[in-house]
Each structure stands twice: as structure tokens, then as C-alpha cells.
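Here is a sequence together with a model predicted from it:
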2 protein chains.
Amino acid sequence: MPDSSFREIRDLALFSQMADENFSALMRGAYVQNFPAQIELITEGDPSDFLHVVLSGSVDLFSAWNGRETSLATVRPISTFILAATIKDAPYLMSARTLEKSRIALIPSQDVRAVFDIDGNFARAIVTELAQCYRSVIKAQKELKLRTSLERLANYLLRQQRRASGAASFDLDFEKRRLASVLGMTAENLSRAFKGLQPYGLEVDGTRITITNQAEFERFAKPNPLIDDGST
Amino acid sequence: MPDSSFREIRDLALFSQMADENFSALMRGAYVQNFPAQIELITEGDPSDFLHVVLSGSVDLFSAWNGRETSLATVRPISTFILAATIKDAPYLMSARTLEKSRIALIPSQDVRAVFDIDGNFARAIVTELAQCYRSVIKAQKELKLRTSLERLANYLLRQQRRASGAASFDLDFEKRRLASVLGMTAENLSRAFKGLQPYGLEVDGTRITITNQAEFERFAKPNPLIDDGST
DNA sequence: TTGTTGGCTTGACAATTATCAATCGTGGGA
DNA sequence: TCCCACGATTGATAATTGTCAAGCCAACAA
């Protein structure tokens, strides 16, 4: 593994506090690989052989049942995914595929578990990470059960706006078909939802979003930190 | 705190491996309290002052937004809740209320965090617990996004049947109004969903459920371990 | 016993969301 | 340049789910 990747991973909160020798032990069995777009990295139900770290590009976590499919999350650099499966030595609950050309580090799960058992700092960092992940999913669950599709879209746009430094105009960061799946609706409905938000101060031009009436838009969306705040 | 409660808590996987002195430190600040039914124990948004342990009775975790409310989970003895908020020292994402008369142990969150920092075994046990919780929510999320209300009910009944030792007849363990909320539908729709499952081999008499045609019922429900298995 | 309460059910209707088919528009390859 | 592929959009329609109002029924208290 090249030193730069090594460094990037070490700087993650998950790995930054662990002992040098343990980090080295983890990296010994690890390797970095470049994947083209649209490659299925893992399949739900498979045993969790590797902890994955997205170094560049992006990855879609999704799941299928009975012929249907839904996107559950998008992983962007630099962060890990399927940590819980790795720790529990349990099968993946989600599949993963690259959305674009991506560089991914693979760390053998058994090494992660071994180091987890001997390195208290690593164990504590994992706790923080898992608690964060858990709370994110709870928020997603609340959003899905408490909001209509129009409200979910409106609040998603507000979150996206904040990520894009808060300006009235910003771009969607992935294709609408996938956004629809993430928000739990069909692509057709997403199209209509964009239309449905226009009376509340929204303009859409392709992938370009403009919130023309911030106050009115927020009055409709009713964002709530206990659902929409990414950090806490 | 009475010795018996002490013992029950110590036997939880979360606490069983930690050092005696650390467990004692945790218990020093803890106390047990009896609550009547329908008492709101915590409110979402409040700071997480205590880790809660349900010793007897049962607790409903729910959330509200914009006048709507939904049940997210039910906690039964003996287990903890709001562990993630306690660890992260972040506000509760869910409210909690007793469903019946309940005995609950309260452990100051700051003590939990303090011991977490010094006891590696405790930290590791927390990881296991959080990973478990995380995977449970992911499964709930998949169920909600991939299944219709009829399918959710059918699979819920199969899970309930397994919990009740697998016999064809068994009882619902909570009122239908709450079941509806847990499954993400209205009480009226739940009523119709029960009717809608009759052609697939279901009989309902009040709270008494009988699956008259197990094979046909499962053919409809299509249970999947990656959504419906409680353990993994 | 009678009356009341609260949960459950039912029917009629409305809103939301999905499905299907067709069309539009853009960007890349021949 | 033209054509194709693919995602996005639109319209028509159907399925699903929610809302509102009324009625049913069992538990409970007076």
C-alpha cells in the first residue's frame, strides 16, 4: 500500500488514536484497489471479509428484496463502511457498488477484530463511530416514518444546501434516480415533488437547485436538528 | 439499589465482562425506580443524563415531528436503551414512555462515559451492543423501504410466531394501535391488512393469531434472514 | 344491571404514491 | 453530422395508504 493512502487512513478518527504497532498490523494485511464505476463491491448476505475504506470516488449502499431495490446510503471519502458487520463477524446487510471510479482500501475483518480485542483506544474509536452510524440511521428512520415524500425532498435540499456552504443556489450531488431511491420514492414521483415544491420557493434547472424564498421554503420543510443535523 | 437488581444488571452482556471495581463505580451513582404505565421517561432533544436499564415491564421508544408521532421500538427486560446518546453525550433522538408498570435502573451517563474510558472490556461490550443495535435499525429501514404494509405485517407475524415457540396459534404482545405505529401504518389500515392476509392462511380473533396455512403464508411473506432474523 | 369508556373495525372518500407508456433532451460514439 | 442510449419528465391510470365519521364490542365502574 502506498504511503499516502496509509497516511489518509491513519488520519481517520477511527484509526488515529490506536497504537502504532497495531495500526501497522492492520495495514500489513490491507491493500488498496482501484475500481471502475458501477462495480458491485460486496453483496448482502456474504460473510464480511473486509472492512472497506473509501479513499476517493463514492460508493452506494443498497439492498434488494423480492425484486425491489433501495439505496440506503452513500459513502464518500474518507470513511469506512460495513464496520458493524466486520465487528460482529456477521453477514453484510447491504450490498455496495461504486458510483464512479473509486479507490478503496480493504482491511481483513479478522485483523480488525484481533486488533479491536487488544487495543482499547481502537475499541473506543469504534464505539464513537458506531454510535454515530446508529444515530444516523435512527434519523433516517424518523424521516421516513414521519415525513411525506415532499417533506423529505424539501429537507434533503436544505441539508444539501448547508453542505454546499449555504448559498441559495447549489447542485445536486448525484443523479435524480438515485436520489429518489434514497428518499424512498420513485423517480417519477421525485420529478413531481420538485414541481410540488415550486410554490414554496424552489427553482430547478436540471441538476441546479435554487431556493428563491428561503423563509417560505423552511416554513414548509420544518427542518429539525433531531432529524436533519448530520453531526450530533 | 437492591442486590437483586444489581445482579440482574451485572449479568447483562454489556456489564458482565468489566472489572468489579468499575462496575461498583457505575452502581454507586445508579438507582432503581418504579414507574406506573404511560409515564414519559425521557423526551427527545433532552440531554442524555442517564443510561436506562429496563428490569421489568416494557418501554416504548417513539418520536414526534410536526404533529405526527411514530413508535420506533419496544424495549423489554432485561436490556438498556439510549446507549448511543449516552456515549456520544448527545441529545436523545427518541422519547421513551412506559407501556405498563415498569422497574427501571438509571445509571448516570457521565459515569458510563468515565468507565468506558478506562475499562477496555466495557468498551468492547459496548461495541458489540451498538453493532447489534445498528444492524437492527438497518433491518427496520430495509423492511420499511422494501415492503408494503401487508408484507410488513405478514413478516412481523412470522417473527412473533417464532418468538412464541413457533406454534400455529399465538398472541400479539401489544395493542394493535401501537403495532400499527411500529409497522408504519395507521390503525385502520392495520385492521384491513389483517383482513387482507386471510386469503393467505391467517385467522385473527382479537389478539389471538392463527396461521392456518404456514406454507402459503410464508410464500406470501417471503421472510428473509437479512431483514427478519433478530440475532445476526 | 346499566352506562361509559376506549380500542377496534368498517365504510366512504381523499390524498399520496406507484406503474406504465410515451416523449423530451442531452451527451457520446459511429 | 447524425443517431443512439439513457436519464428525466409528463400524462393517464391504478394501487396503496390515510382521513374522517360512525358503529361495534368488551371491560369496567357505579
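Cool, got the structure.

only C-alpha atoms for contact and neighbour calcs from this point on.
Fine.

Any regions of chain A where pLDDT drops low?
For chain A, the stretches with pLDDT under 70 are A:1.

can you list the residues of it near DNA strand C?
A:T148, A:S149, A:L150, A:G184, A:M185, A:T186, A:E188, A:N189 (CA under 7 Å from any atom of the strand).

helix, strand or coil for the third one?
When the structure is split into helix, strand and coil by DSSP: H, G, I helix; E, B strand; the rest coil, A:L150 lands in helix.

Now for the residue nearest to it when sequence neighbours are not counted: which residues touch it?
Counting by CA to CA, 6 or more residues apart in numbering or on different chains, A:L150 lies nearest to A:A193, which is 5.5 Å off, once chain neighbours are set aside. Taking CA atoms under 8 Å, 6 or more residues apart in numbering or on different chains, we find A:A193 in contact with A:S149, A:L150, A:L153.

Counting neighbours, which bits of the host helix or strand of A:A193 end up buried?
With secondary structure defined by DSSP states H and E, A:A193 is part of helix A:187-197. For helix A:187-197, burial by neighbour count (16 or more other CA atoms under 10 Å in any protein chain shown) applies to A:A187, A:L190, A:A193, A:F194, A:L197.

could you point out which element follows it?
Proceeding N to C from helix A:187-197, the next assigned helix or strand is strand A:202-205, under DSSP H and E.

of all the residues of chain A next to DNA strand C, which two lie farthest apart?
Across the residues of chain A next to DNA strand C, the longest distance by CA to CA is 15.3 Å; it joins A:T148 and A:E188.

follow-up on the earlier one: can you list the buried residues of helix A:187-197 in a markdown table and add distance to A:G206?
Formatted as a markdown table, those follow (distance: CA to CA, whole Å):
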| residue | distance to A:G206 |
| --- | --- |
| A:A187 | 14 |
| A:L190 | 13 |
| A:A193 | 14 |
| A:F194 | 11 |
| A:L197 | 15 |
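
quick revisit: ok, of the contacts of A:A193, which come out buried?
Buried residues within the contacts of A:A193, counting neighbours by 16+ other CA under 10 Å: A:S149, A:L150, A:L153.

what about the last one, distance to B:D3?
Meaning A:L153. 52 Å (CA to CA, to the nearest Å).

does stretch A:138-149 come close to chain B?
Yes: for stretch A:138-149 and chain B, the contact criterion (CA under 8 Å from any CA of the partner chain) is met by A:I138, A:K139, A:Q141, A:K142, A:K145, A:L146.

quick one: is that stretch near DNA strand D?
No: applying CA under 7 Å from any atom of the strand, one finds stretch A:138-149 separated from DNA strand D by no less than 8.1 Å.

Show residues contacting that stretch.
Residues contacting stretch A:138-149 (CA under 8 Å, 6+ apart): A:152, A:183-185, A:193, A:226-228, B:63-65, B:68-70, B:93, B:137, B:141, B:184.

mind listing what's buried in that stretch?
Using 16+ other CA under 10 Å as the test for burial, stretch A:138-149 gives A:I138, A:K139, A:A140, A:Q141, A:K142, A:E143, A:L144, A:K145, A:L146, A:R147, A:S149.

same check, this time on stretch A:176-190
Neighbour count says stretch A:176-190 has A:K176, A:R178, A:L179, A:A180, A:S181, A:V182, A:L183, A:G184, A:M185, A:T186, A:A187, A:L190 buried, by 16+ other CA under 10 Å.

Ok, stretch A:199-213 next?
Buried residues in stretch A:199-213, counted by 16+ other CA under 10 Å: A:Y200, A:G201, A:L202, A:E203, A:I209, A:T210, A:I211, A:N213.

farthest-separated two in the residues you listed?
Farthest apart among the buried residues of stretch A:199-213 by CA to CA are A:Y200 and A:I209. That separation is 13.3 Å.

Is chain B within reach of stretch A:16-33?
No: using CA under 8 Å from any CA, stretch A:16-33 stays clear of chain B, coming no nearer than 12.8 Å.

May I see the buried residues of that stretch?
For stretch A:16-33, a neighbour-count test (16+ other CA under 10 Å) marks A:S16, A:Q17, A:M18, A:N22, A:F23, A:L26, A:M27, A:A30, A:V32 as buried.

Inside helices: which ones of these?
Secondary structure defined by DSSP state H assigns A:S16, A:N22, A:F23, A:L26, A:M27 of the buried residues of stretch A:16-33 to helices.

Identify each of the helices in chain A and give its residue range.
Using DSSP H, the helices of chain A run over A:3-10, A:13-16, A:20-28, A:83-88, A:109-118, A:120-146, A:149-163, A:176-182, A:187-197, A:214-221, A:225-228.

out of those helices, nearest to B:V59?
Here helix A:120-146 is closest among the helices of chain A (CA to CA), at 17.2 Å.

Next, the angle from that closest one to helix B:109-118.
Here helix A:120-146 runs at 140 degrees with respect to helix B:109-118, directions being taken by axes from the mean of the first three to the mean of the last three CA atoms, to 10 degrees.

Give me the neighbour count for the nearest residue to A:A96 once chain neighbours are set aside.
Counting by CA to CA, 6+ apart, A:A96 lies nearest to A:L61, which is 4.5 Å off, once chain neighbours are set aside. The number of residues packed near A:L61 is 26, by other CA atoms under 10 Å in any protein chain shown.

same check, this time on A:P36
A:P36: 14 surrounding residues under other CA under 10 Å.

my read: it touches A:E100, true?
Yes: A:P36 is within contact range of A:E100, at 6.4 Å (criterion: CA atoms under 8 Å).

picking that back up, gap between the residue nearest to A:L150 and B:T74?
A:A193 is 34 Å from B:T74, where distance means CA to CA.

Then A:R192?
Here A:R192 is placed at a distance of 36 Å from B:T74 (CA to CA).

ok, A:T186 touching A:R178?
No: in terms of CA under 8 Å, A:T186 does not count as a neighbour of A:R178; the distance is 9.2 Å.

coming back round to it: could the buried residues of stretch A:16-33 go into a markdown table alongside distance to DNA strand D?
Formatted as a markdown table, the buried residues of stretch A:16-33 follow (distance: CA to the nearest atom of the strand, whole Å):
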| residue | distance to DNA strand D |
| --- | --- |
| A:S16 | 38 |
| A:Q17 | 41 |
| A:M18 | 42 |
| A:N22 | 43 |
| A:F23 | 40 |
| A:L26 | 37 |
| A:M27 | 36 |
| A:A30 | 33 |
| A:V32 | 27 |
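
Looking at those residues, which one is closest to DNA strand C?
Nearest to DNA strand C among the buried residues of stretch A:16-33, counting by CA to the nearest atom of the strand, is A:V32 at 26.9 Å.

which ones are touching the nearest residue to the closest one once chain neighbours are set aside?
Spatially, and ignoring its direct neighbours in sequence, A:V32 is nearest to A:A105 (4.2 Å; CA to CA, 6+ apart). By CA under 8 Å, 6+ apart, A:A105 lies in contact with A:A30, A:Y31, A:V32, A:Q33, A:H52, A:V53, A:V54, A:L55.

what about 10 Å?
By CA atoms under 10 Å, 6 or more residues apart in numbering or on different chains, the residues touching A:A105 are A:1, A:5-6, A:9, A:27, A:30-34, A:50-56, A:80.
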